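>>> With the sequence up front, the predicted model follows.
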Amino acid sequence: MSLTALFNDKTVFSLEVFPPKKDSPKEAILPTLQQLQAINPDFISVTLGAGGSDHYTGTVSIADLIQNQLNIPAVAHVPGLYQTESQVLNLLDHLSEINVKNILALRGDKIPGKEPVGVFNHANELVSFVHKNRPDFSIASACYPDCHAEATGFVDDIAHLKEKVDAGADHLISQLFFDNQSFYDFKEKTEIAGIHVPIEAGIMPCTNKKQIERITQITGVPLPKKFSAILDRYQDSKLAMKDAGIAFAVDQIIDLVSEGVDGIHLYTMNHADIAERIWEATKSVFEAASQKKAEKAEKASNH
Ligand code: FAD
């Protein structure tokens, strides 16, 4: 089932997990997934390291657990930079076998010192390839409210985003950001560019200093003053940092939902307890917003 229909009459809440380390059994993640199941998310996406085809079995088997054991729609991330056409088709065949037909098509993170294969240099090429060769797959793509770190500018980044949508991406999931104004400004740019697919806002609850430093270094996402103040004041207290990081994420989500965001994609970092606390603090807001959206959709269909 394509996930885009979900956005018609509700504010979507989705989660992201990563597979356990290569030498751990896939069952190692089951307790986390079962805890996340209680949240009843609209879908759960599973990351895949850009490194290549040899270790995609982790992602495929976790997607299998999510979709076929826990009955939650699964989305498999597919980075293309280090894959050949036949490797991508092989991965899609494995996903088809377990009836997972939703992917997040990505370029993938660059691995220092590793030469890309040279077939899918940008995500739009992968989107186009999958769209042509496996039209039964529904394809999401990534977007960047603070602009992609390697982009030659925001205008180019938005133009390349439009290429992904034109190539067949029917839903976008954003990179994490800490200042909602970045997302609202970005949304306006996408509308001007004629991008009209649902855009989920990516939210990462940051609950320790090291994690924040690593994330901002990798993504280049700026930290607003408000968040730096939290870091300065609470970095030495694990508990206070966790509470403040969760409260910050809850605040971001409530504001986004109130402003009519299509959906929230929560980067759980496999911390089910944090995801649960965030859901508990925001579920009434999702429910009320979804009810409004459903009423609007019904009114529109009666006209
Ligand atoms: P692209 O859309 O290819 O964009 C990359 C850069 O190239 C941008 O600067 C863009 O402006 C530019 N560009 C795009 N198209 C063109 C073009 N045709 N010509 C010239 N320039 C172009 N990485 C992983 O390895 N595994 C994961 O599981 C994973 N999951 C992610 C999930 C989400 C929601 C997000 C936001 C990112 C994820 N990433 C993952 C990271 C992602 O791979 C990186 O952010 C990567 O640097 C860019 O990926 P992309 O698909 O957005 O690339």
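Everything's here; your move.

>>> For residue 156, report the pLDDT, please.
Looking at residue 156, its pLDDT stands at 98.

>>> What segments of the stretch 1-150 of the chain are helices?
30-37, 56-64, 85-97, 123-133 (DSSP state H, counting those that start in this stretch).

>>> now for the first one, which elements pack on it?
Using 3 or more CB pairs under 8 Å, 6 or more residues apart in numbering; DSSP states H and E as the contact test, the elements touching helix 30-37 are strand 12-17, helix 272-302. Every C-beta, even on glycine, is put in place using the N, C-alpha and C of the backbone.

>>> Residue 217: which element?
Following DSSP states H and E, one finds residue 217 within helix 209-219.

>>> Okay, buried residues for stretch 97-116 please.
Neighbour-count burial for stretch 97-116 flags 98, 100, 101, 102, 103, 104, 105, 106, 107, 108, 116 (criterion: 16 or more other CB atoms under 10 Å).

>>> can you check stretch 78-98 too?
Buried residues in stretch 78-98, counted by 16+ other CB under 10 Å: 78-83, 87-88, 91-92, 94-95, 98.

>>> Next, see if it gets close to the ligand.
Yes - Stretch 78-98 is in contact with the ligand by CB under 6 Å from any ligand atom, via residue 79.

>>> And for stretch 197-216?
Yes - contact between stretch 197-216 and the ligand, assessed by CB under 6 Å from any ligand atom, occurs at residue 202.

>>> who in the stretch 101-250 of the chain is up against the ligand?
When proximity is defined as CB under 6 Å from any ligand atom, the stretch 101-250 of the chain approaches the ligand at 104, 106-109, 122-124, 142, 148, 150-151, 156-157, 160, 163-164, 173, 175, 202.

>>> Show only the entries of the residues you listed found in strands.
The members of those that map onto strands under DSSP state E are 104, 106, 142, 173, 175, 202.

>>> Could you identify the most distant pair in those residues?
The distance between the two most remote of those (CB to CB) is 13.0 Å, for 106 and 202.

>>> List buried residues within the residues of the stretch 101-250 of the chain next to the ligand.
Those of those that meet the buried threshold are 104, 106-108, 122-124, 142, 148, 151, 157, 160, 163-164, 173, 175, 202, by 16+ other CB under 10 Å.

>>> would you turn the buried residues of stretch 97-116 into a markdown table with distance to residue 216?
Formatted as a markdown table, the buried residues of stretch 97-116 follow (distance: CB to CB, whole Å):
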| residue | distance to residue 216 |
| --- | --- |
| 98 | 35 |
| 100 | 32 |
| 101 | 34 |
| 102 | 29 |
| 103 | 27 |
| 104 | 22 |
| 105 | 25 |
| 106 | 20 |
| 107 | 20 |
| 108 | 20 |
| 116 | 25 |
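
>>> For the ligand, what's the nearest residue on the stretch 201-303 of the chain?
residue 202 (5.5 Å; CB to the nearest ligand atom).
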